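J.: the following comprises the amino acid sequence and a computationally predicted model.
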Amino acid sequence: MNLRDFDTLTGAWPREDGFAYVSDASGRPQPWVRTWAGDYRLLPIDGAVLRLAWRPDGSRLLVQTDLTGTEHYRLAEIDPDTGAVEWLADAPNVRHEIGVPYGSASEPYSPDGALLAFASTARDSSCFDVYVRDLATGESRLVLEADDRYLPVCFSPDSRQLLVIKLHQNTEQDLFACDLTSGEIRHLTPHDGPAKYLPGGWTEDGIYLCTTEGRSFLGAALLVPGKPVQWLETPDADVESITAGPKIVWAITEDQRTILRMLDPETHEVTDLDGLSPGICAEEFGFDGYVPRFAGDRLLLQVGNADRPAELWLVDPSTAETKRLTNCGDRLPQGAISPETVWFTSSDGLEVSGLLYRPHRQTGPVPAVLHIHGGPESRALPVYDPMIQELLRRGIAVLAPNMRGSNGRGLAYQRLIYRDWGGGDLADFAAAATFLRGLDWVDGSRLGVYGASYGGFAALSCVSRLPHLWRAGVAVCGPSDLVLDVQSMPPTWRRRAAGWIGDPDDPADAARLAARSPLNHAANIRAPLLLVHGVDDTRVSIEGSEQLHDRLRDLGRTVKLIRVSGGHSPTDRESWADADADMLDWFTTHL
């Protein structure tokens, strides 16, 4: 089975006559435009497109595309009528961003349509400088010379200022306003200690944002430069995102469902937007395209749930009328399984949640796979995952844990992973295995573990440092050597590495990283292990997977390495089809 035999979506941008979105319906992520009536067409361009945005007048579509799989993103504008492409920033081996990396909530164009903001590593490969391009002359000028990762977020309503975020860590951020006339740069968010700032728009009232300023959970707030934040809501849970438009909308996830709350700026009345389909429609910075956007007075949402791939919906807040705009999951077989939320206790008393999927067909206790998310500051969401659903069809249960370090549970919980990779998180995975073994419908002697990126490191840690628990393992693009991982990570990540993972130049850190590197525990591995890695991966070097494979082969262990074309994340259906099949067969055979 080809696990990617459906159309995936990543974000959508409305304009008056319809919207644009990224889909891999052509075999790789590309921009598509669609009218509200349902007519659609492809706007082909080289590479895999990650993000897009309309000029305010709808005359051009901006795309951020990866031509080589190395994440050296280039920028281009496409004429939607002719398909003509104009490259704006296409220097090789330079990374360009139109907002926070991997997010889709930023607004790169000025409201008057005259300027485009972007970040670039052209001057210094370890930093993101911020530039503004004059669309009339084609000239770009540096507005913020950086010493870290600085990314443009949006312009002020009069187009005279640019809001910029300093993204040092995923839990350590700051906001700055760049005056495009005087060149003055104002620090808007002085604070003590780590804090998160997730802007959602700049209006005449000020900057609407989610922040942990002075608290652990993200709250919804209004920031007027020079004044303390004005809180709109401060729940004992994270506010996932905020969107400024005709009304102000923010999102809170309650278990497996997003709740949208709406503020009328004129009456100050706050109401809940009822009638939404159950699922997830908001994530921090619009990760994976989950960000509400206003299309006139209506909301354009990408809604994900476990039953089918993410779809685009149009919602009228005044009537709660909803309309599904896409049909990505119509070709898939029926019977997808939704998870239940479960909790278990780690060895230090920490309560950890997870999503538990139980297969329909059971004639006795079934095997189970621990499915560990990447990041590590991401989280397991109840959205469609073809790997999980196919494991379930084969009679294998799945537990997707939100171990320490996952987002969505406040700043303190997220920071538990910092400088502790392979520490407390490993205890959480052991607790997850204990939880599975305690279920009478699970065969605790047949457990597997799977993960990609950080999840790949976690899977390798499990089979090498908790070898008695697992019958099989699969690691995709996973670091096996933490020292090598830090030394070879992208230059823009290196300034944060010491505070995030550790400093290989510090003897104490180097010893800790070595002690927690799966490669150094290879002799303990007994479970058959499948390694999958992109040959052009610039986030995690394939060298570590090759070293681990060779060492296990020399030890006579059951191991296989699949080299896949492309980089850290799959962008081409065909290139990953065989690897997907091999991963499923690996668990089916060995569990």
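T.: Received, thanks. Numbers count the residues shown, from 1 in each chain.

J.: immediately after the helix or strand hosting R494, which helix or strand?
T.: Assigned by DSSP states H and E, R494 belongs to helix 494-500. As assigned by DSSP H and E, the chain's next helix or strand after helix 494-500 is helix 507-515.

J.: quick one: buried residues of the helix holding R494?
T.: Going by neighbour count (16 or more other CB atoms under 10 Å), the buried part of helix 494-500 is R495, R496, A497, W500. Backbone N, C-alpha and C define where each C-beta goes, glycine included.

J.: again with stretch 190-210
T.: Using 16+ other CB under 10 Å as the test for burial, stretch 190-210 gives 194-202, 206-210.

J.: now tabulate these in JSON lines and tack on distance to V398 and secondary structure.
T.: Output for these, formatted as JSON lines (distance: CB to CB, whole Å; DSSP: H, G, I helix; E, B strand; the rest coil):
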{"residue": "P194", "distance to V398": "33", "secondary structure": "coil"}
{"residue": "A195", "distance to V398": "35", "secondary structure": "coil"}
{"residue": "K196", "distance to V398": "30", "secondary structure": "coil"}
{"residue": "Y197", "distance to V398": "35", "secondary structure": "strand"}
{"residue": "L198", "distance to V398": "30", "secondary structure": "strand"}
{"residue": "P199", "distance to V398": "35", "secondary structure": "strand"}
{"residue": "G200", "distance to V398": "33", "secondary structure": "strand"}
{"residue": "G201", "distance to V398": "37", "secondary structure": "strand"}
{"residue": "W202", "distance to V398": "42", "secondary structure": "strand"}
{"residue": "G206", "distance to V398": "44", "secondary structure": "strand"}
{"residue": "I207", "distance to V398": "41", "secondary structure": "strand"}
{"residue": "Y208", "distance to V398": "37", "secondary structure": "strand"}
{"residue": "L209", "distance to V398": "35", "secondary structure": "strand"}
{"residue": "C210", "distance to V398": "31", "secondary structure": "strand"}
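
J.: ok, longest helix in the chain?
T.: In the chain, ranked by residue count with DSSP state H as the criterion, the top helix is helix 573-590.

J.: for that one, list the C-alpha coordinates in CSV.
T.: Extracted as CSV, the C-alpha positions of helix 573-590 are listed here (Å, rounded to 0.1, in the frame of the first residue of the first chain):
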residue,chain,number,x,y,z
ARG,A,573,5.5,10.5,-2.8
GLU,A,574,7.2,8.1,-5.1
SER,A,575,10.7,8.4,-3.5
TRP,A,576,9.2,7.3,-0.1
ALA,A,577,6.7,4.7,-1.3
ASP,A,578,9.1,1.7,-0.9
ALA,A,579,10.4,3.0,2.5
ASP,A,580,6.8,3.3,3.8
ALA,A,581,6.1,-0.3,2.7
ASP,A,582,9.3,-1.6,4.3
MET,A,583,8.5,0.2,7.6
LEU,A,584,5.1,-1.4,7.8
ASP,A,585,6.4,-4.8,6.8
TRP,A,586,9.2,-4.5,9.4
PHE,A,587,6.7,-4.3,12.2
THR,A,588,4.3,-6.9,10.7
THR,A,589,7.2,-9.4,10.3
HIS,A,590,8.9,-8.8,13.7
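
J.: off-centre distance for it?
T.: When distances are taken as CA atoms, centre = their mean, to the nearest Å, helix 573-590 is centred 23 Å away from the chain's centroid.

J.: give the rounded mean pLDDT of it.
T.: Per-residue pLDDT values across helix 573-590 average out to 87.

J.: just the buried residues of that helix, please?
T.: Within helix 573-590, the residues scored as buried using 16+ other CB under 10 Å are R573, S575, W576, A577, A579, D580, M583, L584, W586, F587, T588, H590.

J.: nearest to A89 among the buried residues of stretch 190-210?
T.: P199 (22.9 Å; CB to CB).

J.: show me what contacts that closest one?
T.: Neighbouring residues of P199 by CB atoms under 8 Å, 6 or more residues apart in numbering: V153, C154, L163, I165, L175, I207, Y208, L209.

J.: repeat that with 10 Å
T.: Residues in contact with P199 (CB atoms under 10 Å, 6 or more residues apart in numbering) are 100, 105-107, 153-154, 163-165, 173, 175, 188, 207-211, 223, 241-242, 244, 285.

J.: now that we have those residues, which of them are buried?
T.: For the contacts of P199, a burial check counting by 16+ other CB under 10 Å picks out 100, 105-107, 153-154, 163-165, 173, 175, 188, 207-211, 223, 241-242, 244, 285.

J.: among those, which are located in strands?
T.: 153-154, 163-165, 173, 175, 207-211, 223, 241-242, 244 (DSSP state E).

J.: quick one: buried residues of the lengthiest strand in the chain?
T.: When the chain is parsed with DSSP E, its longest strand is strand 442-452. Residues of strand 442-452 classed as buried by neighbour count (16+ other CB under 10 Å): V442, D443, G444, R446, L447, G448, V449, Y450, G451, A452.

J.: M403: which of the residues you listed is nearest?
T.: G451 (10.7 Å).

J.: thought that closest one was touching A475?
T.: Yes - with contact defined as CB atoms under 10 Å, G451 counts as touching A475 (6.3 Å).

J.: packing partners for the longest helix of the chain?
T.: If contacts are counted by 3 or more CB pairs under 10 Å, 6 or more residues apart in numbering; DSSP states H and E, helix 573-590 sits against strand 366-372, helix 386-393, strand 442-452, strand 472-476, strand 529-534, strand 559-564.

J.: can I get those in TSV including distance to S26?
T.: Formatted as TSV, those follow (distance: least, CB to CB, whole Å):
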stretch	distance to S26
strand 366-372	28
helix 386-393	18
strand 442-452	24
strand 472-476	24
strand 529-534	20
strand 559-564	20
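
J.: of all these, which one is nearest E266?
T.: Closest to E266 of the helices and strands packed on helix 573-590 is helix 386-393 (CB to CB; 44.8 Å).

J.: for that closest one, list the C-alpha coordinates in CSV.
T.: Extracted C-alpha coordinates of helix 386-393, given in CSV (Å, rounded to 0.1, in the frame of the first residue of the first chain):
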residue,chain,number,x,y,z
PRO,A,386,-1.4,6.9,7.4
MET,A,387,1.3,4.9,9.2
ILE,A,388,-0.8,4.7,12.3
GLN,A,389,-4.0,3.7,10.4
GLU,A,390,-2.2,1.0,8.4
LEU,A,391,-0.7,-0.5,11.5
LEU,A,392,-4.2,-0.6,13.0
ARG,A,393,-5.5,-2.3,9.8
